[in-house]
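Asker: got a predicted structure here, sequence first:
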Amino acid sequence: MLEFRHSIERVASLKHPNIVPLRNMLVFPSSDPDTSIASMICIVMDYAEEQTLADYLQHTKSAGKIRPGSEMVRLFTSLSLAIDYAHQQGIIHGNLNPGSILLKSDGNTSDQIGEPLLIDFDYTRLLRNTSGATSPFYLSPEQIRGHPATGQSDIYSLGVILYELCTSVLPFRGNRPVAIMMQHLNAPPTPPEVMNTTISSALSSVILRSLAKEPEKRFPDASSLTIALAHALNTPVPEMSYNNGQQPLSHTDFEPFVEPAPSHKNGASTPTSPPGTTFPSEAEFRRRRKNSPWYIICILLLLLASLGTMVTLLLLPQSKPAAPNQLVGHAFFLSSGQFNADSPQGINDELQVDLAGIPDPPTGKSYYAWLLADQNVSESLPMLLGSLHVEQGKIHFLYPGDQQHINLLGMTSRFLLTLDDAQHPTNNPLLDTNSWRYYAFIPLIPSSIDKLHFSMLDHLRHLLFESPELITRNLHGGLAFWLVRNSATVSALANSARDAWHNKDAATIHNQVIRILDYVDGKSFAQTDLPPGTPLLADARTSQIALLGPAPQNPDAPGYAYKNEVPPGYVYLISEHMAGAIQSSQTTPDQRKLAVQINKKLDQVTRLCGQVQHDAKQLLSMNNAQLLQPAAQALLNDMATQAQYAYTGQLDLSNGQPDGGTQWIYNNLQRLAAFDIKPYVAKQ
């Protein structure tokens, strides 16, 4: 609470026309000793009945409107002045997104972008749990890695907003937070001019510099970004200032596309407060609380909310227990991204549970989720995931993993939901099955037609945990992980080669093309596409298995290690292991249907990587002078686009989501390993 109060005090000290001021903070201790909520906090700020930038974006997307250049510069001028001012006071926003920007309308037209007002500063971080409530679409790479937000993190978030304003889509898209976060960490954004052909190369450069993975390569401050934006749009920067003494934006000595050194080591200077700024003491808080009309309003709102909750609970229909063998939901693995190159940690280290039709637990009881080891393993203790809360018959629960981020699929294959004492639950539900209520497992009986006697569980682990083909090469994480990782590497190399053309750097283009072929063909087959004597430029360890590679004429069964042999490519191996997984007699129709969809996307990736390979071979045949000609630029652009599609998929304009690509394949292979949860039926 002290840290939160201190954070509120710092934000309340900000006095700027584009920052919504905080007026007071009220703390209401909970009167219920059994609740996990210790107190309720009310933050009093000026009332603003305005739409957010998110509302505006949604409206303009549906109307198909393009924002004029001068209006965009005006918006970013106000935002940058407010953000730079906050940074000078040592305060980082840390949660910049369209929802944290109110637009103050002048009443003329709803189509015009209003004056921006910043809300939701970094004090909200202290109210979030460890799973994070911040939208992953606008998080910087360093925040995703768990580092504190800095001024450069705010610049990155501004870059995402700028990308969205210019293209009407986000730079990184997906339907799962972890997929989006992996793109922030590893993938270059789709070039803005691909999404909107009216975007100039100058504007694209401003956007992409704002989205640089390395903080030091971004603009040093928000004002620098805005000035570069104005130059790119051939629009003058409005001369704006305010009464706290900050100077207006200046064009003096600024080169928009040269990377100046950051002005502060951590993106912000030593915290200072504007003269005359004070924040109420604890006693003043209490005095104001008693005398303020806001106090009465907060109390009334709390009473109304309590009444509404009671009425809702009385009117809601009670959930009925599910019938035996009736599916009540699923649990599936997720990856946090806390990877370790020497182990499979950070992969499948989280579990998402979604259930419906679950009756409320009796008084004094609670539901508990567990992961259990394989049924034929007797010496492994159950893993408690936590107690689950039922709301209107539904359970939505995310287990965020342990501190070691172990791969849960490698250690467990059964899911259990128990009903036990709310205060003193058992630490080993295996001792008494009377508490068991819901159960699921991944089949571990070997298939009768599998030549190497592997089960569905074995093949899923080969795909998502460890595979014989990888272990013998000291690679960890499963075949699907390395498919995604190497396709991300190829995409980054293709973008680097394209950027080198603009820098007239033929040597870099040539070397990056060689590296691309090393990964697409694998180090053992790359020589078939390279001039004789060309050295391996890719990482020798990670390029051991090709992305494509030739399919074997006399294929071995999936799970064969290919020790002292050249293995087939990842696309082939994944298809074979997936086929091995679904040949189990316990495969569900949904799993078979999903496997067919994944195979189609694997075929798409094969075609896309084949086009990357084709472009790379053509570029490799050019000399240095030819590599700097427009014909080479066209090939480089196509190669970068195809590599991006192979990694992140192509945008489905009907729903704004990526379709296909290795990330889609990985996410859906995790779905293939989902638990189908049903009521537990004791064996007779």
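Answerer: In hand now; what should we look at?

Asker: so where does H424 fall, helix or strand?
Answerer: Mapping H424 onto the secondary structure by DSSP states H and E places it in no helix or strand at all.

Asker: quick check: phi and psi on it?
Answerer: Main-chain torsions, H424, degrees, to the nearest 10: phi -130, psi 70.

Asker: check I358 too.
Answerer: I358 adopts backbone torsions of phi -100, psi 120, taken as degrees, to the nearest 10.

Asker: so it touches H396, yeah?
Answerer: No. If you go by Cβ atoms under 8 Å, I358 and H396 don't touch, sitting 10.8 Å apart. C-betas here are computed from N, CA, C, even on glycine.

Asker: please identify which of the two sits among more neighbours.
Answerer: For I358 and H396, the more surrounded residue by other Cβ atoms under 10 Å is I358, and the numbers stand at 24 against 14.

Asker: could you point out the longest helix in this protein?
Answerer: Ranked by number of residues, the top helix in the chain under DSSP state H is helix 589-620.

Asker: buried set for that one?
Answerer: Going by neighbour count (16 or more other Cβ atoms under 10 Å), the buried part of helix 589-620 is 591, 594-595, 598, 601-602, 604-606, 608-609, 611-613, 615-616, 619-620.

Asker: count the residues that sit near P555.
Answerer: Using other Cβ under 10 Å, P555 is surrounded by 11 other residues.

Asker: please disregard the earlier target; I meant L170.
Answerer: A count of nearby residues for L170, using other Cβ under 10 Å, gives 21.

Asker: let me see the contact set for it.
Answerer: 137, 160, 163-164 (Cβ atoms under 8 Å, 6 or more residues apart in numbering).

Asker: by mean pLDDT, which helix or strand of this protein comes out lowest?
Answerer: Sorted by mean pLDDT, DSSP states H and E, the helices and strands of the chain end with helix 282-291, the least confident at a mean of 45.

Asker: any idea how far E350 lies from Y399?
Answerer: Distance of E350 to Y399, computed by Cβ to Cβ, to the nearest Å: 6 Å.

Asker: quick one: D420 is in a strand?
Answerer: Yes. Under DSSP: H, G, I helix; E, B strand; the rest coil, D420 falls within a strand.

Asker: hang on, the earlier thing: going by neighbour count, list what's buried in the very next helix or strand once past the longest helix of the chain.
Answerer: Once the chain leaves helix 589-620, the next helix or strand it forms, by DSSP H and E, is helix 624-627. Residues of helix 624-627 classed as buried by neighbour count (16+ other Cβ under 10 Å): L627.

Asker: past helix 624-627, which element shows up next along the chain?
Answerer: Counting by DSSP H and E, the element after helix 624-627 in chain order, helix or strand, is helix 630-648.

Asker: what are the boundaries of the strands in the stretch 301-450 of the chain?
Answerer: Assigned by DSSP state E, counting those that start in this stretch, the stretch 301-450 of the chain shows strands spanning 329-334, 350-356, 365-372, 383-388, 394-399, 414-421, 436-441.

Asker: what's the end-to-end length of stretch 214-234?
Answerer: 28 Å (Cα to Cα, to the nearest Å).

Asker: so how far is that stretch off the chain centroid?
Answerer: Centroid displacement of stretch 214-234 relative to its chain, using Cα atoms, centre = their mean, to the nearest Å, is 25 Å.

Asker: now that stretch: average pLDDT?
Answerer: Regarding stretch 214-234, the rounded mean pLDDT is 92.

Asker: buried stuff in that stretch?
Answerer: Residues of stretch 214-234 classed as buried by neighbour count (16+ other Cβ under 10 Å): 215, 218-233.

Asker: poorly predicted segments of the stretch 151-300 of the chain, please.
Answerer: Counting by pLDDT under 70, the stretch 151-300 of the chain contains low-confidence ranges at 175, 238-300.

Asker: at 90 what do you get?
Answerer: 167-169, 172-202, 204-205, 231-300 (pLDDT under 90).

Asker: same check on the stretch 351-500 of the chain?
Answerer: Scanning the stretch 351-500 of the chain with the threshold set as pLDDT under 90 gives 375-381, 400-405, 431-432, 445-453, 488, 492, 495-496, 499.

Asker: ranges for the helices of the stretch 1-150 of the chain?
Answerer: When assigned using DSSP state H, counting those that start in this stretch, the helices of the stretch 1-150 of the chain occupy the ranges 2-12, 53-63, 69-88, 141-144.

Asker: which strands or helices does the helix or strand following the last one pack on?
Answerer: For helix 141-144, the succeeding helix or strand toward the C-terminus, using DSSP H and E, is helix 151-167. Using 3 or more Cβ pairs under 8 Å, 6 or more residues apart in numbering; DSSP states H and E as the contact criterion, the elements in contact with helix 151-167 are helix 53-63, helix 69-88, helix 141-144, helix 192-195, helix 201-210, helix 222-232.

Asker: give me that answer again for 6 Å
Answerer: Under the contact definition 3 or more Cβ pairs under 6 Å, 6 or more residues apart in numbering; DSSP states H and E, helix 151-167 sits against helix 192-195, helix 201-210.

Asker: returning to what we had before: identify the farthest-apart pair in the contacts of L170.
Answerer: Greatest spacing in the contacts of L170, by Cβ to Cβ: F137 and Y163 (10.3 Å).

Asker: who has more neighbours out of those two?
Answerer: Applying other Cβ under 10 Å to F137 and Y163 shows that Y163 carries more neighbours, namely 25 against 21.

Asker: that one touches I207, doesn't it?
Answerer: Yes. Counting by Cβ atoms under 6 Å, Y163 touches I207, with 5.3 Å between them.

Asker: check what pLDDT A38 gets.
Answerer: Predicted confidence (pLDDT) for A38: 58.

Asker: what of the one 4 residues further on?
Answerer: The model reports C42 with a pLDDT of 73.

Asker: so what's it bridging to?
Answerer: As for beta bridges, C42 partners with L26 under DSSP bridges.

Asker: start at 801, not 1
Answerer: Yep, numbering from 801; the last one is C842 now.

Asker: for burial, what's the neighbour tally of Y1360?
Answerer: So Y1360, with other Cβ under 10 Å, has 18 neighbours.

Asker: report the contact partners of A1416.
Answerer: Neighbouring residues of A1416 by Cβ atoms under 6 Å, 6 or more residues apart in numbering: 1313, 1316-1317.

Asker: on that earlier part again, what's the spacing between the longest helix of the chain and its chain's center?
Answerer: 23 Å.
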